[in-house]
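# Model the following, please.
(3 chains)
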Amino acid sequence: MNLPLGKTRETKPLVHHITNWVTIYDCANITRAFGALPVMAHAPEEAADMTGIASSLVLNIGTLTTELIDSIIIAATAANKKNIPVVLDAVGVGATTFRDDMAAKILNSVRIDIIKGNYSEIAKLAGEDEQTRGVEATSIDADPKQVAMKFAESRSCVVAMTGKEDIISDGRKTYVVKNGHESMGMIVGTGCMAASVIGSFAAVNENYCDAAKDALCYFGIAGELASVRSEGPGTFKLHFYDEVFNLSDEKAQSMMNFEEC
Amino acid sequence: MNLPLGKTRETKPLVHHITNWVTIYDCANITRAFGALPVMAHAPEEAADMTGIASSLVLNIGTLTTELIDSIIIAATAANKKNIPVVLDAVGVGATTFRDDMAAKILNSVRIDIIKGNYSEIAKLAGEDEQTRGVEATSIDADPKQVAMKFAESRSCVVAMTGKEDIISDGRKTYVVKNGHESMGMIVGTGCMAASVIGSFAAVNENYCDAAKDALCYFGIAGELASVRSEGPGTFKLHFYDEVFNLSDEKAQSMMNFEEC
Amino acid sequence: MNLPLGKTRETKPLVHHITNWVTIYDCANITRAFGALPVMAHAPEEAADMTGIASSLVLNIGTLTTELIDSIIIAATAANKKNIPVVLDAVGVGATTFRDDMAAKILNSVRIDIIKGNYSEIAKLAGEDEQTRGVEATSIDADPKQVAMKFAESRSCVVAMTGKEDIISDGRKTYVVKNGHESMGMIVGTGCMAASVIGSFAAVNENYCDAAKDALCYFGIAGELASVRSEGPGTFKLHFYDEVFNLSDEKAQSMMNFEEC
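This next block holds a predicted model:
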């Protein structure tokens, strides 16, 4: 039986983040709720050392600056050397030229093991002609499954495309995850938090495609459970954290809703 | 009938923020709860581009640095050119010389459409001889309505002065808003969040004075509703978000409590 | 009778923070829930001025950069001159060389009145041979009470070592605080928040050793009370804030659980 939560809680992997200033607390807090240990350290002088004691690295360009890009590349280089998984959440790619350029700089400088983004962000990275509206997911013209699969294949990495349905592909195998609930869109930061969960599960599962699929299923399941008890974004967030904390592999496995295609 | 919430939820305007690191998450989250789309991007390289796709710009000097001031001026210049509303929350003006100087630099460099602050911050900006204690609202010696009106007139902008009663003026018309509840002071950040709501409503209403009045009424009404169900800052914040999310124009219009003078 | 809460709520001391970007909101919010007024301002140009109007200074190196170190030293120098208490939360010392070097730089440049950290952080600062795992508390080989006492004595300051039991020493007097609950570890940031409470109580009590002991007792008591009503990190955090807000000196004094040794 597949036990990603049990393994995370037992191993307590250290998940290093260089992330944005909007959702940084929730990235840390959801990492802990899933049983891993978050650390956030963005000074270039210590980015490599902190990555050196971590089991995975989560990068997020939500509030990018040139200083952060330097730290991101230093940390990812250290992670590549140590061979621990690197997750990149490509927040807002497509919204500004700077963001597109910096995402390209990261992808050209280091190995990213798991690229996460919403439909339009991934499509933009993959060279499709898309327009991001701020940092919001939008539908895309191309077939999302094909976009994810080809982009994953071309970069020899895992692509996790989040939306109403999440698509995860390593270029050969492609999963469509149907867990999740629209209530998750009531609060800011669920996308960023999902990347932290992917980083937490990938820290304890060498099959990053399966780790990303498990992470998005479990994350979505907690959202489904929380939505039942919620009357708005306040109560939803409260129950979401409690549901994650009280989730078991047994319960989650019985609720997983995904297809392989 | 005046339907600011319905219009915001339907239009989903993108509200760009360059704000402080303390309340940045809540500024984003309240913007979303009111139906608009928040984006936060402070790198000088993308500040203009991000403003270029936004419908309003909210600036906040709560954790000011010289780097942020540069981005603020770049973003506001782009907003002025595009003719979208710019809100400045003058957090802590009066507390340090640096803050006073930087606020003056902003006001002298770009057009601010709506200046928001507590009584002492606005009085200080308006040239009254006031002392801010940290970032807290204090009573002022001068007549607040006169201060707001004259300052708005002199700068040809809207002034929103928040406190036990909020005063909003465009130099001709002056509103006194009596909605709100003292429970809102139990949590940090309600002032910053109010600026985000003003930015959200001003994005869909060219009459910025009315937009600011509506925003402070609606924001205060959600506070009144949440206070009934709260036992402290934890439950208050929870219910506040739920009340905002579940608020309707119909309900809000029946509870609006303001005077024009 | 000892009334730290009553005194804090009556005096409303301004507590200046230069802290990390992960827990900055909760540091502000817990300061307010305890009745003090938080302010966060990290620009080097205003760090001294803001400290000049504050009653205590709380420093936290959780997301350290070289720019922040400069501001920290400027602010602490101003606090030393004004003779207000300076609290340093030595987050993550032992995890990277940069962090160790910067903590040493602070300690060699200014007077820190209260040094706070978990067992391994304090042991590392005190010259014991310990390894920090990320920013998590770990057990240490040496006798914690001896480590705290000797380190406090050697630096003529108060040392607050947090863990399952908190140890507070000024080099002569040593307290062991047994209040607190394991639920507090479910959420990120309780360590940082505790430093803010120490700063709030030290602002109104010249005996910093007693102020730190009171702060850790009261903070732990709120955790105990909240844990009873909680089902996970979501509900815990909610109730924790409510319990702090509704705590009275009378109730807290009846629940204080500490020993002097």
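# If you tally nearby residues, what's the number for A:Ala148?
Per other C-beta atoms under 10 Å in any protein chain shown, the neighbour tally for A:Ala148 reads 29. In short, each C-beta sits where N, CA and C put it, glycine included.
# Same check on A:Asn207?
Neighbourhood size, A:Asn207 [other C-beta under 10 Å]: 13.
# Over to A:Leu107?
16.
# Wait, it touches A:Arg155, no?
Yes. The pair A:Leu107 and A:Arg155 qualifies as a contact (C-beta atoms under 8 Å) at a distance of 7.4 Å.
# what's the overlap in contacts for these two?
Overlap of the contact sets of A:Leu107 and A:Arg155 (by C-beta atoms under 8 Å, 6 or more residues apart in numbering or on different chains) consists of A:Ile115.
# tell me the SS of the residue lying farthest from the centre of chain A?
Residue farthest from the centre of chain A, counting by C-alpha atoms, centre = their mean, is A:Glu231 at 26.6 Å. Local secondary structure at A:Glu231 is given as coil here, using DSSP: H, G, I helix; E, B strand; the rest coil.
# give the contact list for it.
B:Asp242, B:Asn246.
# From C:Glu231, how far off is it?
Separation of A:Glu231 from C:Glu231 (C-beta to C-beta, to the nearest Å): 17 Å.
# any idea which helix or strand carries A:Glu153?
Here A:Glu153 sits within helix A:144-155, counting by DSSP states H and E.
# Now do that helix, average pLDDT.
Across helix A:144-155, the average pLDDT comes to 97.
# Can I get it as PDB, trimmed to CA atoms?
Extracted as PDB, the C-alpha positions of helix A:144-155 are listed here (Å, rounded to 0.1, in the frame of the first residue of the first chain):
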ATOM      1  CA  PRO A 144      -3.800  20.500 -21.600                       C
ATOM      2  CA  LYS A 145      -2.800  16.800 -21.400                       C
ATOM      3  CA  GLN A 146      -0.700  17.100 -24.500                       C
ATOM      4  CA  VAL A 147       0.900  20.300 -23.300                       C
ATOM      5  CA  ALA A 148       1.900  18.800 -20.000                       C
ATOM      6  CA  MET A 149       3.100  15.500 -21.600                       C
ATOM      7  CA  LYS A 150       5.200  17.100 -24.300                       C
ATOM      8  CA  PHE A 151       6.700  19.800 -22.000                       C
ATOM      9  CA  ALA A 152       7.600  17.100 -19.400                       C
ATOM     10  CA  GLU A 153       9.200  15.000 -22.200                       C
ATOM     11  CA  SER A 154      11.100  17.800 -23.700                       C
ATOM     12  CA  ARG A 155      12.600  18.800 -20.300                       C
END
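# immediately after it, which helix or strand?
Heading C-terminal from helix A:144-155 (DSSP H and E), you reach strand A:158-162.
# what angle do that following strand and helix A:144-155 make?
Angle, strand A:158-162 to helix A:144-155, by axes from the mean of the first three to the mean of the last three C-alpha atoms, to 10 degrees: 150 degrees.
# ok, residues contacting strand A:158-162?
A:113-119, A:122, A:137, A:144, A:147-149, A:151-152, A:166-170, A:191, A:194, A:198, A:208-209, A:212, A:216.
# Show only the entries of these found in strands.
Those of these mapping onto strands are A:Ile114, A:Ile115, A:Lys116, A:Gly117, A:Asn118, A:Asp166, A:Ile167, A:Ile168, A:Ser169, per DSSP state E.
# For chain A, which residues are neighbours of chain C?
Within chain A, the positions near chain C by C-beta under 8 Å from any C-beta of the partner chain are A:14, A:21, A:24-25, A:28-29, A:32-33, A:37-43, A:45-46, A:49-50, A:53-54, A:237-246.
# Closest one to C:Ala252 out of the ones in strands among the contacts of strand A:158-162, please.
Each of the ones in strands among the contacts of strand A:158-162 was checked against C:Ala252 using C-beta to C-beta; the closest is A:Lys116, at 45.3 Å.
# Next, count neighbours for that closest one.
That count, for A:Lys116 with other C-beta under 10 Å as the rule, works out to 31.
# okay, A:Val86: pLDDT?
98.
# Distance check, it against chain B.
Between A:Val86 and chain B the distance is 22 Å, computed by C-beta to the nearest C-beta, to the nearest Å.
# Just list the residues touching that residue, thanks.
Going by C-beta under 8 Å, 6+ apart, A:Val86 touches A:Ser56, A:Leu57, A:Leu59, A:Ala76, A:Ala79, A:Asn80, A:Val110, A:Arg111, A:Ile112, A:Asp113, A:Ile114.
# got a list of what the closest residue to A:Ala36 other than its chain neighbours touches?
Spatial nearest neighbour of A:Ala36, chain neighbours left out: A:Ser200 (3.9 Å); criterion: C-beta to C-beta, 6 or more residues apart in numbering or on different chains. By C-beta under 8 Å, 6+ apart, A:Ser200 lies in contact with A:Thr8, A:Pro13, A:Val15, A:Thr31, A:Phe34, A:Gly35, A:Ala36, A:Ser56, A:Ala215.
# repeat for A:Ile61
A:20, A:68, A:72, A:88-93, A:99, A:102-103, A:106.
# Just put those residues in TSV and tack on neighbour count, distance to A:Met186 and secondary structure.
TSV is the format used below for the contacts of A:Ile61 (neighbours: other C-beta atoms under 10 Å in any protein chain shown; distance: C-beta to C-beta, whole Å; DSSP: H, G, I helix; E, B strand; the rest coil):
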residue	neighbour count	distance to A:Met186	secondary structure
A:Asn20	24	19	coil
A:Leu68	23	28	helix
A:Ile72	27	30	helix
A:Leu88	26	26	strand
A:Asp89	32	20	strand
A:Ala90	27	23	coil
A:Val91	29	18	coil
A:Gly92	32	20	coil
A:Val93	26	24	strand
A:Arg99	27	25	helix
A:Met102	23	29	helix
A:Ala103	25	27	helix
A:Ile106	21	30	helix
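# Now do whichever strand or helix holds A:Leu107: distance to the chain's middle.
For A:Leu107, the element it lies in under DSSP H and E is helix A:97-109. Chain-centre distance of helix A:97-109: 18 Å, with C-alpha atoms, centre = their mean, to the nearest Å.
# does that helix come close to chain B?
Yes. Using C-beta under 8 Å from any C-beta, helix A:97-109 comes into contact with chain B via A:Thr97, A:Phe98, A:Arg99.
# Closest to chain B out of the ones in strands among the contacts of strand A:158-162?
A:Asn118 (12.9 Å; C-beta to the nearest C-beta).
# can you count the residues close to that closest one?
Based on other C-beta under 10 Å, the number of other residues close to A:Asn118 is 26.
# A:Ser248 too?
12.
# Same list, the residues of helix A:97-109 next to chain B, but as CSV with distance to C:His181 and pLDDT please.
CSV is the format used below for the residues of helix A:97-109 next to chain B (distance: C-beta to C-beta, whole Å; pLDDT from 0 to 100):
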residue, distance to C:His181, pLDDT
A:Thr97, 50, 97
A:Phe98, 46, 97
A:Arg99, 43, 97
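# TSV for the residues you listed, including distance to B:Lys251?
Below are these laid out as TSV (distance: C-beta to C-beta, whole Å):
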residue	distance to B:Lys251
A:Thr97	43
A:Phe98	42
A:Arg99	39
